[in-house]
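Enquirer: Mind looking at a prediction? Sequence and model below.
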Amino acid sequence: MDTHSLVTGANRGLGLEFVRQLLARGHRVVATCRQPGRATDLNTLAGEHPGRLHVLPLDVASARSREELVRELPLVLGDDARLALLVNNAGVLHAGERWGHVAESVLEDSLRTNAIGPFLLTQALAAFLADGGTVADLSSMMSAMSTRTEFRAPSYCISKAAQNMATVLLAKALAPRAIKVVALCPGWVHTDMGGDQAPVAPRDSVAGLLRVLDGLGAQDSGRFYNWRGEAMAW
């Protein structure tokens, strides 16, 4: 039986690398991004994997966009297929914030994209998740309240901390169906968001995260791990 996965924010960086590695594992992948027409690398992959990679539009922060994905997904998956893995990767980091000048609009956008959107998307896709499947919420070391040492990227940090709580609550909600929900820190990765100085290659980060997901047990649901499999502080 085919294994189906869905990855959000799949047009670049970690999302695109998740798609590549899941395809290499033989998965059928639904890859979403806000503007599929501009997702050159993703569309090239789709051409190389006909019938195994479907690219669909999704703005995770938009209720209308989430609803449209829910309507389209049965046409892609088929009537009986279920998602073994949902990767909530789409996120935003607004640069240049400083104390005294944090904009309400930026904070709200970060919360909608990084916390509210993934939570509501998971809720909306619950019927498509396979019993015993996995939901992976891409978090960040910057979400950890216990390790913050400076005022930096407040909208990102606040929204990712909120996403962590959403992960814990989703784990409780989906436990009766043995669906595991975890927060994952990919490390400081060399992507558009991570920047050129980041020491971790996307390929290595995603390979590590997939190994973590492979090894999850029921007792791990609702927990926070990094790409090396180490437990992270909240």
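Expert: Structure received. Numbers count the residues shown, from 1 in each chain.
Enquirer: May I ask you to name the longest helix in the chain?
Expert: Longest helix in the chain, counting residues (DSSP state H): helix 154-174.
Enquirer: Report the buried residues of that helix.
Expert: For helix 154-174, a neighbour-count test (16 or more other CB atoms under 10 Å) marks 154-164, 166-168, 170-171, 174 as buried. (C-beta placed from N, C-alpha, C; glycine too.)
Enquirer: Tell me how far it lies from the chain's centre.
Expert: Relative to its chain's centre, helix 154-174 lies at 12 Å (CA atoms, centre = their mean, to the nearest Å).
Enquirer: And the contacts of that helix?
Expert: If you take CB atoms under 8 Å, 6 or more residues apart in numbering as the criterion, helix 154-174 is touched by 91-94, 97, 102, 106-107, 109-111, 113-116, 118-119, 122-123, 126, 129, 135, 137, 139-140, 142-145, 148, 180-183, 221-222, 224, 234.
Enquirer: Now the buried members of those residues.
Expert: Judged by 16+ other CB under 10 Å, buried ones among these: 91-94, 97, 106-107, 109-111, 113-116, 118-119, 122, 126, 129, 135, 137, 139-140, 142-144, 180-183, 221-222, 224, 234.
Enquirer: So for residue 193, what's the pLDDT?
Expert: Looking at residue 193, its pLDDT is 63.
Enquirer: Just the ones of the buried ones among the contacts of helix 154-174 in helices?
Expert: 106, 107, 109, 110, 111, 118, 119, 122.
Enquirer: Excluding covalently adjacent residues, which one is nearest to the second one?
Expert: So the one you mean is residue 107. In space, and not counting its chain neighbours, residue 107 is closest to residue 155: 4.7 Å by CB to CB, 6 or more residues apart in numbering.
Enquirer: for the helix or strand hosting residue 29, packing partners?
Expert: Counting by DSSP states H and E, the element that carries residue 29 is strand 28-33. Applying 3 or more CB pairs under 8 Å, 6 or more residues apart in numbering; DSSP states H and E, one finds that strand 28-33 contacts strand 4-7, helix 13-24, helix 40-48, strand 53-57, helix 63-77.
Enquirer: measure residue 176 to residue 204 for me?
Expert: Counting by CB to CB, to the nearest Å, the gap from residue 176 to residue 204 is 35 Å.
Enquirer: Look at those two and report which has more neighbours.
Expert: Comparing residue 176 with residue 204 by neighbour count (other CB atoms under 10 Å), the higher total belongs to residue 204, at 16 against 8.
Enquirer: got the contact list for that one?
Expert: residue 227.
Enquirer: List the contacts of the closest residue to residue 31 other than its chain neighbours.
Expert: On the basis of CB to CB, 6+ apart, the spatially nearest residue to residue 31 that is not a chain neighbour turns out to be residue 10, at 3.6 Å. Residue 10 sits next to 16, 18, 19, 31, 32, 33, 39, 42, 55, 89 when contact means CB under 8 Å, 6+ apart.
Enquirer: who touches the lengthiest strand in the chain?
Expert: Identified as the longest strand of the chain according to DSSP state E is strand 129-138. Defining contact as CB under 8 Å, 6+ apart, one finds that strand 129-138 is touched by 4, 14, 82-89, 91, 118, 122, 163-164, 166-167, 170, 174, 177-184, 186, 209, 213, 216.
Enquirer: so where's the chain uncertain?
Expert: Within the chain, the stretches with pLDDT under 70 are 1, 192-196, 198-199.
Enquirer: what about residue 31, how many neighbours?
Expert: Residue 31 has 29 nearby residues by other CB under 10 Å.
Enquirer: Same check on the one 10 residues further on?
Expert: Neighbour count for residue 41, taken as other CB under 10 Å: 13.
Enquirer: Repeat that for residue 71.
Expert: Neighbours of residue 71 under the rule other CB under 10 Å: 8.
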